[in-house]
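Undergrad: got a structure for you, letters missing:
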């Protein structure tokens, strides 16, 4: 019995010893990919550091989870990061991860947000879209909703695509809605 207690204690303590390190990858074309964890590089003012990003991507009622994640992107200050080099002609790729949600943001040498690709899984479909789908597909239920948002500062536009899986018994339908 002592052996079992010692094994469970050992396994329980070693699990907490694993840390999540920052990953810095220098690629041949001078692009730096950086995964932040607990860094103090977010802007602290009430106005977003990259407000043009927020104005472009918030077109309609998005899920609170998406809005919160987008606010983190809009307030991220790459120039305060340890990997930022003001004299280097480089772009910076920053990966934001939270659960099943993932954002890849690219910043230029001046710290401005150039583009982003956002992928969200298991989110709430906006009410207008959900009611439209239930009217078009009666007797079908919404099984799964994923969202992809693409932003480009050069084009000053963004695209939002919802990938919805509908179910009716054992039947499944996959629908993509572009906004």
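TA: Yes, it's here. These numbers were taken from a predicted model, which means no experiment stands behind them. Numbering: from 1, shown residues only.
Undergrad: so, low pLDDT: which residues of the protein?
TA: Filtered on pLDDT under 70, the chain yields the residue ranges 8-50, 58-60.
Undergrad: mind listing the strands for it?
TA: Secondary structure of the chain, counting by DSSP state E: strands at 23-26, 32-35, 92-98, 101-107, 113-121, 141-152, 157-168, 171-178.
Undergrad: distance to residue 135 added to those strands, as a markdown table?
TA: C-beta coordinates here come from the backbone N, C-alpha and C atoms, glycine included. Formatted as a markdown table, those follow (distance: least, CB to CB, whole Å):
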| stretch | distance to residue 135 |
| --- | --- |
| strand 23-26 | 46 |
| strand 32-35 | 42 |
| strand 92-98 | 33 |
| strand 101-107 | 29 |
| strand 113-121 | 24 |
| strand 141-152 | 13 |
| strand 157-168 | 13 |
| strand 171-178 | 13 |
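Undergrad: in JSON lines, list those along with distance to residue 71 and mean neighbour count.
TA: Shown next, in JSON lines, are those (distance: least, CB to CB, whole Å; neighbours: other CB atoms under 10 Å):
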{"stretch": "strand 23-26", "distance to residue 71": "24", "mean neighbour count": "11"}
{"stretch": "strand 32-35", "distance to residue 71": "19", "mean neighbour count": "18"}
{"stretch": "strand 92-98", "distance to residue 71": "11", "mean neighbour count": "17"}
{"stretch": "strand 101-107", "distance to residue 71": "12", "mean neighbour count": "20"}
{"stretch": "strand 113-121", "distance to residue 71": "12", "mean neighbour count": "18"}
{"stretch": "strand 141-152", "distance to residue 71": "14", "mean neighbour count": "18"}
{"stretch": "strand 157-168", "distance to residue 71": "15", "mean neighbour count": "16"}
{"stretch": "strand 171-178", "distance to residue 71": "24", "mean neighbour count": "11"}
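Undergrad: closest to residue 83 out of those?
TA: strand 32-35 (5.0 Å; CB to CB).
Undergrad: for residue 176, what are its contacts?
TA: 161-164 (CB atoms under 8 Å, 6 or more residues apart in numbering).
Undergrad: among the strands of the chain, which is nearest residue 127?
TA: With CB to CB as the yardstick, what comes closest out of the strands of the chain is strand 141-152 (11.9 Å).
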